[in-house]
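Trainee: only the shape, not the letters, is given here:
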């Protein structure tokens, strides 16, 4: 992600960062007002959901804060958000508010922050060639979406609809399968949050892909998102390579707003990875994540069952765990699944990126061996299916890795 400090004001990337910072500030004020509201009580003794709300609220805040780009390191972002959560709890000690600081609430905040940042870490850019280029295109497409107020409105609308659709499903799940007692609010809230996440992610992915397709024809700067002036002399077209000789090229090889050099591969067409290849790359991480979750659960249950009456330490830990509120125990289960899922997601993305980076050796669309195909520039077209490919950081075809099946 580009730092706002090096972006010219008024560029799409700078405007996107500004909008995200405004959204984070508004969300922070909303959370603080809600948590500091005098004598506010949510849920009941039989079905508390305040820990789940704490985790969800600060998880969303943490995810938004990463994209404000105030801090470049995820670890510093983690520490900052933990400090914000601690400040929120400390402010509740003001006598006039009729509230009290709760270490368990702060722990729920930290869990939500850690879950959000674990997925942000799993979604970091991966790869060194074509996959990194595709990531840059998606990043600038996302910035172009964040500039539009209608995109924020659509995301909020879908989030509300997703919560409204998911909450009843969570209640039905509790009633039909789990049956742990009167907990409709807890599983309704979980279902609503899952529905919200699925809806927002689906809309976001559709919007980014549509914006990438549109940007492919507009070819904005990958650093700041500014449009290139499309009145090129013949010399500028020649500098970009004959692969672009039949397309409209920019009048300059440097962005007029931020000065970033334009490369021939910036918006060169790349064939999409086959669905079977993408699924094959994800099968092993998904299998290992599932096995890890099952093994961890069975191990924990076995240890508690066999050692509870033999070890005072295990007995004290189990007693403490059973005394936790129901929503806190549910949050612990969610955190375990989320952390393992984030590790699996990171592994999937690395394996897919490794396959995409080989697009100069074998076509991503049909698998055709491209090592004997020498493009005029560093971007070419597959002779078998017509899909595009790029070669980055590979000087000659002989230096390319062997194509994989």
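Mentor: The structure has been received and is ready for your questions. Because the structure is a prediction, the values reported are computed rather than measured.
Trainee: from here on, just use CA atoms for contacts and neighbour counts.
Mentor: Will do.
Trainee: would you mark the buried spots in the longest helix along the chain?
Mentor: Looking across the chain with DSSP state H, the single longest helix is helix 184-218. Of all the residues in helix 184-218, those buried under the rule 16 or more other CA atoms under 10 Å are 184-200, 203-204, 207-209, 211-212, 215.
Trainee: what are the neighbouring residues in contact with residue 302?
Mentor: Contacts for residue 302 (CA atoms under 8 Å, 6 or more residues apart in numbering) come out as none.
Trainee: okay, and it sits in which element?
Mentor: In the assignment (DSSP states H and E), residue 302 maps to helix 275-307.
Trainee: after that helix, which helix or strand is next?
Mentor: Moving toward the C-terminus from helix 275-307, the next helix or strand (DSSP H and E) is helix 312-323.
Trainee: still on that earlier bit, now the longest helix of the chain: average pLDDT?
Mentor: Averaging pLDDT along helix 184-218 gives 90.
Trainee: all the helices of this structure, residue numbers only.
Mentor: Using DSSP H, helices in the chain cover 12-35, 50-68, 74-91, 103-122, 130-146, 149-173, 184-218, 234-239, 275-307, 312-323, 326-356.
Trainee: quick one: the longest helix of the chain to helix 326-356, angle?
Mentor: 20 degrees (axes from the mean of the first three to the mean of the last three CA atoms, to 10 degrees).
Trainee: now do the contacts for residue 354.
Mentor: 127, 131.
Trainee: check it and give its pLDDT.
Mentor: At residue 354, pLDDT is 92.
Trainee: and it, how far from residue 278?
Mentor: To residue 278, residue 354 is 11 Å away according to CA to CA, to the nearest Å.
Trainee: leaving out the residues flanking it, which one is nearest to residue 307?
Mentor: Nearest residue to residue 307 in three dimensions, chain neighbours excluded: residue 314, at 6.5 Å (CA to CA, 6 or more residues apart in numbering).
Trainee: tally of neighbours for that neighbour?
Mentor: Neighbourhood size, residue 314 [other CA atoms under 10 Å]: 17.
Trainee: right, and residue 160 touches residue 195 too?
Mentor: No: at 9.1 Å, residue 160 does not count as touching residue 195 under the criterion of CA atoms under 8 Å.
Trainee: what's the domain layout of the protein?
Mentor: For the chain, the structural domains run 1-124, 271-354, 358-405, going by automatic domain parsing.
Trainee: okay, how far is it across the second one, tip to tip?
Mentor: In other words, domain 271-354. One end of domain 271-354 to the other measures 15 Å (CA to CA).
Trainee: residue 141 and residue 218 touch, don't they?
Mentor: No: judged on CA under 8 Å, residue 141 makes no contact with residue 218 at a distance of 11.3 Å.
Trainee: most distant residue from the middle of this structure?
Mentor: Centroid-distance maximum for the chain: residue 310 at 44.2 Å, with CA atoms, centre = their mean.
Trainee: how about the nearest residue to residue 60 once chain neighbours are set aside, what does it touch?
Mentor: With sequence-adjacent residues excluded and distances taken as CA to CA, 6+ apart, residue 60 is closest to residue 116, at 7.1 Å. Counting by CA under 8 Å, 6+ apart, residue 116 touches 59, 60, 62, 63.
Trainee: distance from the chain centre to stretch 277-295, please.
Mentor: Taking CA atoms, centre = their mean, to the nearest Å, one finds the center of stretch 277-295 at 19 Å from the center of the full chain.
Trainee: correction: the previous question concerned stretch 347-354.
Mentor: With CA atoms, centre = their mean, you get 15 Å for stretch 347-354.
Trainee: quick check: residue 168 vs residue 184, distance?
Mentor: Taken as CA to CA, the span from residue 168 to residue 184 is 9 Å.
Trainee: what of residue 356?
Mentor: Going from residue 356 to residue 184 by CA to CA gives 45 Å.
Trainee: on that earlier part again, elements contacting the longest helix of the chain?
Mentor: Helices and strands touching helix 184-218, by 3 or more CA pairs under 8 Å, 6 or more residues apart in numbering; DSSP states H and E, are helix 50-68, helix 130-146, helix 149-173.
Trainee: so which of those helices is nearest residue 337?
Mentor: Residue 337 sits nearest to helix 50-68 of all those, at 14.6 Å, using CA to CA.
Trainee: contact partners of the closest one?
Mentor: By CA under 8 Å, 6+ apart, the surrounding residues in contact with helix 50-68 are 17-18, 20-21, 23-24, 27-28, 31, 42-43, 74, 77-78, 81, 85, 104-105, 108-117, 120, 186, 189-190, 193, 327-328, 331.
Trainee: quick one: mean pLDDT for that helix?
Mentor: Mean predicted lDDT for helix 50-68 stands at 93.
Trainee: also stretch 285-305?
Mentor: Averaged across stretch 285-305, the pLDDT comes to 91.
Trainee: report the distance from that stretch to the chain centre.
Mentor: Centroid separation between stretch 285-305 and its chain, computed with CA atoms, centre = their mean, is 25 Å.
Trainee: tell me how many other residues crowd the residue nearest to residue 118 when sequence neighbours are not counted.
Mentor: Residue nearest to residue 118 in three dimensions, not counting chain neighbours: residue 342, with 6.1 Å by CA to CA, 6+ apart. Neighbours of residue 342 under the rule other CA under 10 Å: 21.
Trainee: cool, residue 172 as well?
Mentor: Residue 172: 16 surrounding residues under other CA under 10 Å.
Trainee: now it: how far from residue 124?
Mentor: Residue 172 is 36 Å from residue 124, by CA to CA.
Trainee: could you do residue 296 as well?
Mentor: Noted for residue 296: a distance of 26 Å to residue 124, by CA to CA.
Trainee: below-threshold pLDDT in the chain: ranges please.
Mentor: Within the chain, the set of residues satisfying pLDDT under 70 comprises 1-6, 39-47, 174-183, 229-252, 374-377, 393-405.
Trainee: hang on, the earlier thing: filter the contacts of helix 50-68 down to the buried ones and hand me the ChimeraX line.
Mentor: The following ChimeraX line selects those of the contacts of helix 50-68 that are buried, judged by 16+ other CA under 10 Å:
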select :17,18,20,21,23,24,27,28,31,74,77,78,81,85,105,108,109,110,111,112,113,114,115,116,117,120,186,189,190,193,327,328,331
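Trainee: pretty sure residue 255 contacts residue 263?
Mentor: No: using CA under 8 Å as the test, residue 255 is too far from residue 263 to be in contact (10.8 Å).
Trainee: of these two, which one has the most company?
Mentor: Taking other CA under 10 Å, residue 255 and residue 263 do not tie; residue 255 has more neighbours (22 against 16).
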